[in-house]
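> Have a look; sequence and predicted model below, questions after that.
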Amino acid sequence: MDLSMQMLLVAFIACLLAAILPAEESWPQFRGPGGSATAPKGARIPVEWGEDKNLKWKTAIPGPGSSSPVFTGNRLFVTCYTGYGTSPEEVGSARDLGRQLLCLDRSDGRILWKKSIELANPEDPYRGYLMEHGYASSTPVTDGRNVYVFTGKSGLHAFTVEGKRLWTKGVGKKSSNRRWGSAASPVLYRDLVIINAADEARQLIAFDKKSGEEKWRYGSGELELAFATPQFLVSEDGSDEMVLSIPHELFALDPATGQRKWLARTEVPGNVSPSVVITKDMICAFGGYPRKMSIGLKRGGSGDVTDNLRWDSKVTTYVPTPLAYGDHLYWVNDSAEAICMEITSGKVVSKRTVEGLARSRRFSFYASMVRAGDRLYAVSRHNGTFVFEANQEMKQIAQNRFEDRSDFSGTPALAKDAIYLRSGKFIYCIGE
């Protein structure tokens, strides 16, 4: 066989394998593919679990964090912090603060590698509301080849999935007037990794994924107290938009250039933590303090689209991001209220207090709700994971707890056959 025939045969086999072998499963970013918080179709996630039921493995990790686990193929990534502020009783010295990126084997929970990220600039002190979420609140994002980690004033970091350090870029070292630290997670768009560096620089910043070269910045004084992760949509003309809610504004940028495409002026004040929820016709935003509210914007248009605002409501969420399913939004807010709301009108269909809380309702939920089929999963900070029916009644059908009494603030990751939880002490894999 001559060389040309060999090359043709190799190409044919590669195409054949690509058609036969399934693509690697992934939950690549905060709230999963597209930020939809939804498991793959046909996923089989247990409704009930515990120390001796449906627990496939658990792995101890070096420190706490509020970030979520993500995975690509068989590699699961999670961050934590060490050395400072890991316990209110023993705060320690700020100069000893460190962060770690861990890579675990999804099949058995083995730690394949871990990388330390050194402190580059002093972080906000461990006090006030920073004590509620700590110094590892940003969820990594991966494209299957590399993984990107944001550590606030210590910058944005790129690693290969094998653990090779690629580059580090600083984004600024400012603090908001509340000094609450960072919370937004990086997102990927084509060849860019984009971070909401509101706390550090009052800017959204895009970097080249491979080289770390800065590509664009978008700045606004209103970005202060905007802690949310941006979301993407395809507009009516087929172009891409990146949407973010910040104090008094809801806007979209061209993610390739950072140029603003539209803006709606809102009455949502500072402390915007939830991401926007985007549906076929609407964009819904949440948050604010002391005036907490939610709003619904009709999609479409350019420039000033404030007239597209269709509704506002006092029923909202302060930290967790709702999810859209069918014609409704679903969430459990930080005050332990299970809420179903109509997307087009903002009408509250049902609202009830979650049953089974052993502690105060205040700040009881920070993780965002996720869905697998006709089940909704809401992880509470200290009272376990609550399971609801994914319908307007939101009937509560299970409460699952481990002996671990540390803080569960990270949003879970979902696979076809497992749900992954993180606490301040462990990573858990739950599956039938």
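Received it, and whenever you're ready, just let me know what you need. Numbering: from 1, shown residues only.
> how many other residues sit next to S360?
10 (other CB atoms under 10 Å). Using the backbone N, CA and C atoms, a C-beta is placed for each residue, glycine as well.
> Now for it: which residues touch it?
The contact partners of S360, taken as CB atoms under 8 Å, 6 or more residues apart in numbering, number zero.
> pLDDT wise, what is it at?
The predicted local distance difference test score for S360 is 80.
> And for M1?
In the predicted model, M1 carries a pLDDT score of 53.
> Ok, L8 next?
For L8, the pLDDT comes out at 43.
> what do you get for F12?
You'll see F12 listed with a pLDDT of 45.
> got it, and N54?
Each residue has a pLDDT score; the one for N54 is 98.
> thought it was touching E432?
Yes: counting by CB atoms under 8 Å, N54 does reach E432; the two are 6.0 Å apart.
> ok, now which ones touch the closest residue to S345 other than its chain neighbours?
By the measure of CB to CB, 6 or more residues apart in numbering, the closest residue to S345 outside its immediate chain neighbours is W311, 5.9 Å from it. Listed by CB under 8 Å, 6+ apart, the contact partners of W311 are I295, G296, S345, G346.
> quick one on the thing from earlier: can you list residues touching both of N54 and E432?
Any residue near both N54 and E432 by CB under 8 Å, 6+ apart counts here, and that gives P46.
> Compare the two and say which is more crowded by neighbours.
Set side by side, N54 and E432 give different neighbour counts by other CB under 10 Å, the larger being at N54 (17 against 12).
> what about that one, distance to E162?
Taking CB to CB, to the nearest Å as the measure, N54 falls 31 Å from E162.
> Okay, now the unreliable bits of this protein?
Screening the chain residue by residue with the criterion pLDDT under 70, one finds the ranges 1-23.
> repeat that with 50
3-22 (pLDDT under 50).
> Out of the contacts of W311, which comes closest to D240?
Nearest to D240, judged by CB to CB, of the contacts of W311 is G296 at 21.9 Å.
> That closest one: neighbouring residues, count only.
Residues within reach of G296, counting by other CB under 10 Å, total 24.
> just checking, it touches K347?
No: taking CB under 8 Å as the definition, G296 is not a contact partner of K347, at 10.3 Å.
> Just send the contacts of W311 back as JSON lines, with secondary structure and distance to V171 too.
Converted to JSON lines, the contacts of W311 look like this (DSSP: H, G, I helix; E, B strand; the rest coil; distance: CB to CB, whole Å):
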{"residue": "I295", "secondary structure": "strand", "distance to V171": "28"}
{"residue": "G296", "secondary structure": "strand", "distance to V171": "32"}
{"residue": "S345", "secondary structure": "coil", "distance to V171": "39"}
{"residue": "G346", "secondary structure": "coil", "distance to V171": "35"}
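> Quick check: the two most widely separated of those residues?
Across the contacts of W311, no pair lies farther apart than I295 and S345, at 12.1 Å, counting by CB to CB.
> out of those two, which sits in the busier spot?
Each of I295 and S345 had its neighbours counted (other CB under 10 Å), and the higher figure belongs to I295 (25 against 14).
> Now do the contacts for the more buried one.
The contact partners of I295, taken as CB under 8 Å, 6+ apart, are L250, T266, E267, V268, C284, A285, F286, L309, W311, D312, S313, G346.
> Show me what it is bridged to.
As for beta bridges, I295 partners with A285, D312 under DSSP bridges.
> just so I have it, where are all the helices in the stretch 1-150 of the chain?
Along the stretch 1-150 of the chain, counting by DSSP state H, counting those that start in this stretch, helices occupy 3-20, 130-133.
> Quick check, G287 in contact with T321.
No: counting by CB under 8 Å, G287 sits too far from T321 to count as a contact (9.7 Å).
> For these two, indicate the residue with more neighbours.
The neighbour comparison of G287 against T321 (other CB under 10 Å) goes to G287, with 30 against 24.
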